[in-house]
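>>> Have a look at this prediction, sequence included:
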Amino acid sequence: MQLEPNLSLDQVKDLLAAKTAPRVTEQSIKSRIQNVSYMVVDTTTVCFIEMVNGFRFMGTSTPASAENFDAQIGERYAYDSAFRQIWTHEGYLLREALHLLKGPEPAPITSEADAVAAANQNAAAQG
């Protein structure tokens, strides 16, 4: 049973570098970060990433054993935990922007009158 994908993260990054369609990148996310702050409570490290629009993402890290606590390691894992969440949000925003660039979608046709109106609009646009 295969547990991990065949491609490494570095291989994926190399393949993505050749893509030209709009996409979210690590750099595009980092350019939208306004502030990063950390807080430690006992052995839990909390990272807050604040975006330029004021929205905040929170990530946490806690070692399984208190003896393994290290503030720098906790910051790295907590930051990565918060940063991973941003991908989905930024992906949604990009997808929405691309959708809006296509223009408004036609109203659904729910009656014969709607069908006649749509046909008249199409004829006027072509004519």
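Yep, that arrived.
>>> so where's this protein shaky on pLDDT?
Scanning the chain for pLDDT under 70 picks out 106-107, 109, 114-115, 118-119, 122-123, 125-127.
>>> at 80 instead, please
The chain contains residues with pLDDT under 80 at 103-127.
>>> can you map out the strands along it?
In the chain, the segments counted as strands under DSSP state E are 33-41, 44-51, 56-61.
>>> now the ones you listed as TSV including distance to residue 87 and mean neighbour count?
All C-beta atoms are positioned from the backbone trio N, CA, C, and that covers glycine. Below are the strands of the chain laid out as TSV (distance: least, C-beta to C-beta, whole Å; neighbours: other C-beta atoms under 10 Å):
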stretch	distance to residue 87	mean neighbour count
strand 33-41	13	12
strand 44-51	12	19
strand 56-61	10	17
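>>> Nearest to residue 124, out of the ones you listed?
Across the strands of the chain, residue 124 has its closest neighbour in strand 44-51 (44.2 Å, C-beta to C-beta).
>>> And the closest residue to residue 53 other than its chain neighbours, how close does it get to residue 86?
Nearest residue to residue 53, sequence neighbours excluded (C-beta to C-beta, 6 or more residues apart in numbering): residue 32, at 7.9 Å. According to C-beta to C-beta, to the nearest Å, residue 32 stands 8 Å off from residue 86.
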